[in-house]
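Participant: Sequence first, then the predicted structure:
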Amino acid sequence: MNWQTVKNLTYTQIGVFLALLIVAVMPNFSLKYGASPALPAGLLALLGVWLVWKQRVAVFAAPSTRRLTIVFALLLVPVLISIPASYDLRYSINVAMALVAYYFSGLALVQVLRGDAERAWLAKWILFMLAFWVADSVIQYLFGTDLFGIQRTADMRVLGPFKGSLRQPMLIALFLPVAIWVLLRKGAVPAFLFFAAAAFIATLAGVRTVVVMLAIAAAGFYLKLPRWRFKIPAALLAGAIVLAAMGMTTAMKERMSLLGEIQDTRFETFDRLLSGRLTIWETASHMLLARPLTGVGAGAFAKAYDDYSTRPDDRFRGGVGEKVYHAHQEYIAMAAETGLPGLLGLVVAIVLCVKWYWGASPERRDQAWPYALGLSVYFFPLNSQAPLYHGNWLFPAILLLFTALLAALDGEPSTKDTHVPERV
């Protein structure tokens, strides 16, 4: 690539490439080289600031930008309210500052992803990334070590290039609808084969909540299949594959075996089944009841935990045996950390997204479908997932899906030649 080629790059091309980097640098080994999803998101924020400076009227005239602004306001205002009395003032301020930065990242993303051709390019490369993770994980499962020298865990968890974390299965579930959307253009069979392979690998991580996430993705895929004769066999086979993967992972077998030990309906019984989640959620409810209008502060769940824990046998208190970093559920975390305003803001944002989706034309809904399904995988209320305000990897992934959804609903078909981006 020569200098003239670089000079001729449009801001759309740069922005779409940065959007892809959000996914590409997700694996933990990239941290060795100073890369994380926060880096491309930060560069996108700078691009968003530049766009506002150069063409403010045009940027804010787009419905997608106005919708983005509404949702970020619904998130940011409760965070600001939670700051004065936060248990972790510094963290809560950082959350507010990060939301402002991510807002500008979102401004850039909804602009550069408005064209169907740009989103199609991004979707194809997301498919490639997921296929690479799956292939690397297959090697790890078969030979004990993946292409980067990362070993599977002692209890047979397969984590691929995500050493030391359980992010891969969740990210596969989030972005799987995007990959399926690309492959459905080739036919139902390639889409199903990839879904089966990706679901198998994601389940081998031994995370029970991922099974729920895969079920949501599978339901959307099931409804999208073109002919009824594909639907029932595909559903049965997909279920069999996931069950087989659950039986091949020591960690998953141990957790699922607890179901057979349920002999009563006591709190302690179900708390053990859910690996202590009920204790964590009970403590979160105490936070909400004590501070219904402010919560304990955005991101301050861990710092506030001991003050609201009431069970004498709480193994998370003090962080001696096990440390709790967050509430392990998005809605409960939002309520505990930012009070009823935060929970209400999140619910209103979701309702608005559903309204915008179903208010669009069938063509626009088809373009937005994979991103809407990916968001549904995360925000399904029965999930036990990492909350938005914890870690610098999850929010960029959700932001990418959300802005792609808004851009697709407000997008421009690739057959039209009306979107001519300016030169940088």
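Facilitator: Yep, that arrived.
Participant: And the residue lying closest to residue 376 once chain neighbours are set aside, how close does it get to residue 379?
Facilitator: What sits nearest to residue 376 in space, not counting adjacent residues and going by CB to CB, 6 or more residues apart in numbering, is residue 216, at 5.8 Å. C-beta here means a position set from N, CA and C on the backbone, and glycine is covered the same way. Note on residue 216: its distance to residue 379, by CB to CB, to the nearest Å, is 10 Å.
Participant: do residue 394 as well
Facilitator: Relative to residue 379, and taking CB to CB, residue 394 is found at 12 Å.
Participant: just how off-centre is stretch 47-58 within its chain?
Facilitator: 27 Å (CA atoms, centre = their mean, to the nearest Å).
Participant: List the buried residues in that stretch.
Facilitator: By 16 or more other CB atoms under 10 Å, the buried positions in stretch 47-58 come out as 47, 48, 51.
Participant: Count the neighbours of the residue nearest to residue 376 for me.
Facilitator: Taking other CB atoms under 10 Å as the criterion, the count of residues near residue 216 is 20.
Participant: residues in contact with it?
Facilitator: Neighbouring residues of residue 216 by CB atoms under 8 Å, 6 or more residues apart in numbering: 173, 373, 376, 377, 380.
Participant: at 6 Å instead, please
Facilitator: For residue 216, the contact set (CB atoms under 6 Å, 6 or more residues apart in numbering) comprises 376, 377, 380.
Participant: Apart from its neighbours in sequence, what residue is nearest the last one?
Facilitator: In this case it means residue 380. Nearest non-adjacent residue to residue 380 (CB to CB, 6+ apart): residue 216, at 5.2 Å.
Participant: Of the contacts of residue 216, which is the most crowded?
Facilitator: residue 377 (26 neighbours).
Participant: So that one, which state does it fall into?
Facilitator: For residue 377, the assignment made with DSSP: H, G, I helix; E, B strand; the rest coil gives helix.
Participant: Report pLDDT for it.
Facilitator: The per-residue pLDDT reported for residue 377 equals 94.
Participant: Residue 251 too?
Facilitator: pLDDT, residue 251: 58.
Participant: Likewise for residue 318?
Facilitator: 77.
Participant: Nearest spatial neighbour of it, chain-adjacent residues omitted?
Facilitator: In space, residue 318 is closest to residue 306, 6.3 Å off (CB to CB, 6+ apart).
Participant: Can you tell me how far residue 291 is from residue 339?
Facilitator: The separation that residue 291 has from residue 339, given CB to CB, amounts to 6 Å.
Participant: repeat for residue 77
Facilitator: From residue 77 to residue 339 the distance is 11 Å (CB to CB).
Participant: out of the two, which sits in the busier spot?
Facilitator: residue 339 (23 against 15).
Participant: Does the more buried one touch residue 295 like I think?
Facilitator: Yes. Using CB atoms under 6 Å, residue 339 makes contact with residue 295 at a distance of 4.0 Å.
Participant: And for residue 368, the neighbour number?
Facilitator: A count of neighbours around residue 368, defined by other CB under 10 Å, yields 23.
Participant: mind checking the end-to-end distance for stretch 161-170?
Facilitator: 14 Å (CA to CA, to the nearest Å).
Participant: Let me see the residues that make contact with it.
Facilitator: Contacts for stretch 161-170 (CB under 6 Å, 6+ apart): 27, 28, 29, 136, 148, 150, 159, 160, 202, 205, 207, 210.
Participant: Pull out the buried positions in it.
Facilitator: Under 16+ other CB under 10 Å, the buried positions of stretch 161-170 are 161, 162, 163, 166, 167, 168, 169, 170.
Participant: what about residue 193, how many neighbours?
Facilitator: 12.
Participant: go on, the one 10 residues further on?
Facilitator: Around residue 203 there are 27 other residues, counting by other CB under 10 Å.
Participant: Repeat that for residue 100.
Facilitator: If we define neighbours as other CB under 10 Å, then residue 100 has 11 of them.
Participant: Work out for me the element the closest residue to it other than its chain neighbours sits within.
Facilitator: Distances taken as CB to CB, 6+ apart place residue 76 nearest to residue 100, at 7.2 Å, with adjacent residues excluded. Using DSSP states H and E, the element containing residue 76 is helix 63-82.
Participant: which helices and strands does that helix pack with?
Facilitator: helix 89-112, helix 330-358, helix 394-409 (3 or more CB pairs under 6 Å, 6 or more residues apart in numbering; DSSP states H and E).
Participant: buried residues in the longest one?
Facilitator: Spelled out, it's helix 330-358. By neighbour count with 16+ other CB under 10 Å, helix 330-358 contains the buried residues 330-343, 345-346, 349-350, 353, 356-357.
Participant: okay, the angle between that helix and helix 63-82?
Facilitator: Angle of helix 330-358 versus helix 63-82, following axes from the mean of the first three to the mean of the last three CA atoms, to 10 degrees, is 160 degrees.
Participant: Check the last one too.
Facilitator: For helix 394-409 and helix 63-82, the angle between their directions (the same axes, to 10 degrees) works out to 150 degrees.
Participant: just the CA coordinates of helix 394-409, formatted as PDB?
Facilitator: Extracted as PDB, the C-alpha positions of helix 394-409 are listed here (Å, rounded to 0.1, in the frame of the first residue of the first chain):
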ATOM      1  CA  LEU A 394     -18.100  -6.000  26.400                       C
ATOM      2  CA  PHE A 395     -19.300  -2.500  25.800                       C
ATOM      3  CA  PRO A 396     -17.500  -2.000  22.500                       C
ATOM      4  CA  ALA A 397     -19.000  -5.300  21.300                       C
ATOM      5  CA  ILE A 398     -22.500  -4.300  22.300                       C
ATOM      6  CA  LEU A 399     -22.000  -0.800  20.800                       C
ATOM      7  CA  LEU A 400     -20.900  -2.300  17.500                       C
ATOM      8  CA  LEU A 401     -24.100  -4.400  17.300                       C
ATOM      9  CA  PHE A 402     -26.300  -1.500  18.500                       C
ATOM     10  CA  THR A 403     -24.900   1.100  16.000                       C
ATOM     11  CA  ALA A 404     -25.000  -1.500  13.200                       C
ATOM     12  CA  LEU A 405     -28.700  -2.000  14.000                       C
ATOM     13  CA  LEU A 406     -29.400   1.700  13.900                       C
ATOM     14  CA  ALA A 407     -27.400   2.200  10.800                       C
ATOM     15  CA  ALA A 408     -29.200  -0.700   9.000                       C
ATOM     16  CA  LEU A 409     -32.700   0.700  10.000                       C
END
